[in-house]
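Colleague: here is my input, please return the structure:
(2 chains)
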Amino acid sequence: MAEFSIDRFVDRYAERTSGMSASEVRALFAVASRPEVVSLAGGMPYVEALPAQDVLEVATEVVRDLGPTALQYGGGQGQLALRERAAMLMAEEGVDADPDDVVITTGAQQALDLLGKIFIDPGDTIAVEAPAYVGALTAFAAYQPRFLTIELDDEGMIVEQLERAIVRGERPTFVYTVPNFGNPAGVTMSGRRREQLVALCRETGIPIIEDNPYGLLRFDGEPLPCLRSLDPRNVIYLGTVSKTFSPGVRVGWALADPSVIQRLVLAKEAADLCGSNFTMLITERWFSDDSRWRTALTGLVDTYRARRGAMLDALEEHFPGTATWTRPSGGFYVWVTLPEWSDTTAMLAAAVERRVAYVPGTAFYPDARGADRMRLAYCYPTEDRIRDGVARLATLLEDDARLYRSLHGS
Amino acid sequence: MRIAIVAGGRTPERDVSLRSGRRMTVSLEDLGHEGWLLDPAEVPLVEALAERRPDLCWLALHGKEGEDGTVQRLLDLLEIPYTGTAAFDCEVAFDKVLAKDALRRAGVPTPPWVVIEGWALRDLGGGAALGKAVERIGLPCVVKPSRSGSALGMSFVEREADLPQAVMAALSFSGAALVEAKVEGREVAAALVGADLEPLPLVEIVPKEGIYDYAARYTAGATEYFCPARTSQGASAAVVEAASTAASALRLRDLTRVDLIVDPSEQPWVLEVNVSPGMTETSLVPMAAQASGLTLSDLCDIVVRSVLGRT
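Modeller: Below is the predicted model:
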């Protein structure tokens, strides 16, 4: 008799990998990415809107003029010229930054991982919004923290809840938030809450990680001050060009105190030595021409604004009265709340069968909540496809409601 | 021979199918055949087949359209021989409602079940009859979609209150759901290959979390396998007998896998049959082949000969 072990290292993996497993939802997403499916699932920027000729020119310039540098290793902190561009982009949102206090990372996603690495010991408590960006939850989860979830409302994180938790004796290692057009809820933290959060964290000595990928994608209303600009000493700020230029270049950054940056740079060097000089140079060149990047960004914002409109109109027209949703004034996402009995994870297969996909709400909670929620992204599909997708989802919700009524005799 | 390996498709098992398909392509090429992968989600199948006219199609599609007779009917029309079960028999075998009925008629032991149609629930007020299902089947029970693979949409129900949600989840995958009695015991798979559907050594499945669901099937290391199974000689013989009877009742061909549970009294119960069993690195049939000293190429050769034997 032979015992077949599919994975001969199975008893040797670290405990932190225990949550890393195959799942039905992942299997369904393999189908959802097919072109015939209207995907309201992925948050893919609409890079097709970028002027291809301009991108080609920049890439050519890099290869022609800076080839040997582009193809070489670089420093762990990232090129100074690019850090200056990052500082320039942050200034657009009122954040004052010294390029020396910036580390370039492989997307802001790597910064999340590195922050987890330098701050979280197994069992530490960290405070996150509920719902929170799934990529942050998975990045932090690898360091085995305990998640303290703070609910969101229309004004963003309910800071009073965090305060009550602190009074109860909770001392989170840090608070993580996406204050502008958050992922997945599309909610923006109000000015009042920003002041409250910054004051509370300053008093209690809890650092804030402010993740701001969508800040420059505002459709309407006035920008609110970044947390970092309210308290530069206590806020670690994360930025990225994934939404303002391209996620393919994998350029993001962290802005923090020199002591934090020093650790982040060492952690980054341990992880990957350095970022890609090639794509860093392309990014630096792209943002060197003020009119070029601003024109491209305006084009993107106009596209996303129209798509948000298409989605909100379609939701209004097709979705049942029992559903509610957020109305984002920027970013990529609408967050839908369905009747309490709904199970959006179970429903996904039927949705994909009808050629439409979304992300089930449970992905965005560390504690298995959110079955009655779904995230709809309007960033990538065209307006027609968005309307189509929402209408298909609505018929599914209707069928599901009839099933539910039959099964529960009401 | 020129063999098109048809894999991929548009079902949730797409990735699994592509992994199976790529392995089959390599194994068939090792036998000296000219093999190429054809993904009907990427290219129009009929045109692609007309263009490169294969002698044979190896069907590695999983799930609807691949296992329910759809692609088989198309190949019948195009007069291209294919591996596996014939179109109509696929339709029956893939639909657990039809298959379990056929098994019962043939005297194959299969756990008691009732069927709940989505349509009956939505339009005929069938929900009121759900209590009846629990009365008939008892708890704990298993709820599964009638037409789906890889345990997608399946759930185990301990409490009656959880049944409606499990039914809704199963109906997300298929028009009908089965509520089936949960039989406790050893989970075993019987692979049958060739023109005479010879049994390969039985594989025993021991999921670490106790449930052989999608994650347990496709996360390397989440399940332990023993081959041959640790069942007694008598029980093993009874399993092979039940699997063979099931296969012949459902007129399965070439390569198939029958999933069973052996209860503490050593009685085997057939849970389901697979007309296109997974052939990935974590799949059961390749494991059974290996235990019997066959390489994947040997296995492919047996299957190809079986197809040629009837054409």
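Colleague: so A:Ala22 sits right up against B:Thr219, yeah?
Modeller: Yes. The pair A:Ala22 / B:Thr219 is scored as a contact, 4.5 Å apart, by C-beta atoms under 8 Å. Using the backbone N, CA and C atoms, a C-beta is placed for each residue, glycine as well.
Colleague: can you get me a residue count around A:Leu137?
Modeller: Counted by other C-beta atoms under 10 Å in any protein chain shown, the residues lying close to A:Leu137 total 20.
Colleague: run through the residues that contact it.
Modeller: A:Val128, A:Phe147, A:Phe364, A:Pro366 (C-beta atoms under 8 Å, 6 or more residues apart in numbering or on different chains).
Colleague: just those residues now: which is nearest chain B?
Modeller: A:Pro366 (18.0 Å; C-beta to the nearest C-beta).
Colleague: enumerate every residue touching whichever residue of the stretch 201-350 of chain A sits closest to chain B.
Modeller: As assessed by C-beta to the nearest C-beta, chain B sits closest to A:Ala346 within the stretch 201-350 of chain A, at 3.6 Å. By C-beta under 8 Å, 6+ apart, the residues touching A:Ala346 are B:Gly153, B:Gln165, B:Met168, B:Ala169, B:Ser172.
Colleague: cool, A:Gly252 as well?
Modeller: A:104-111, A:238-242.
Colleague: what about the residues you listed, which are in strands?
Modeller: In strands, judged by DSSP state E, the following of the contacts of A:Gly252 are found: A:Ile104, A:Thr105, A:Thr106, A:Leu238, A:Gly239, A:Thr240.
Colleague: switch those over to JSON lines; also include neighbour count and distance to chain B.
Modeller: Output for these, formatted as JSON lines (neighbours: other C-beta atoms under 10 Å in any protein chain shown; distance: C-beta to the nearest C-beta, whole Å):
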{"residue": "A:Ile104", "neighbour count": "30", "distance to chain B": "34"}
{"residue": "A:Thr105", "neighbour count": "30", "distance to chain B": "29"}
{"residue": "A:Thr106", "neighbour count": "20", "distance to chain B": "25"}
{"residue": "A:Leu238", "neighbour count": "26", "distance to chain B": "31"}
{"residue": "A:Gly239", "neighbour count": "31", "distance to chain B": "34"}
{"residue": "A:Thr240", "neighbour count": "24", "distance to chain B": "29"}
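Colleague: and the residues you listed, which two are furthest apart?
Modeller: Greatest spatial distance in the ones in strands among the contacts of A:Gly252: A:Thr106 and A:Gly239, 13.4 Å, computed using C-beta to C-beta.
Colleague: quick one on the thing from earlier: are any of the contacts of A:Ala346 buried, and which?
Modeller: B:Gly153, B:Gln165, B:Met168, B:Ala169, B:Ser172 (16 or more other C-beta atoms under 10 Å in any protein chain shown).
Colleague: now, which of those residues lie close to chain A?
Modeller: With the criterion set as C-beta under 8 Å from any C-beta of the partner chain, the members of these near chain A are B:Gly153, B:Gln165, B:Met168, B:Ala169, B:Ser172.
Colleague: what's the closest non-adjacent residue to the third one?
Modeller: With C-beta to C-beta, 6 or more residues apart in numbering or on different chains as the criterion, B:Met168 has its nearest non-adjacent residue at 5.6 Å, and that residue is A:Leu403.
Colleague: show me what from chain A comes close to chain B.
Modeller: So chain A meets chain B at A:1-7, A:9-10, A:13, A:20-24, A:27-28, A:30-31, A:34, A:36, A:341, A:343, A:346-350, A:352-353, A:399-400, A:402-409 (C-beta under 8 Å from any C-beta).
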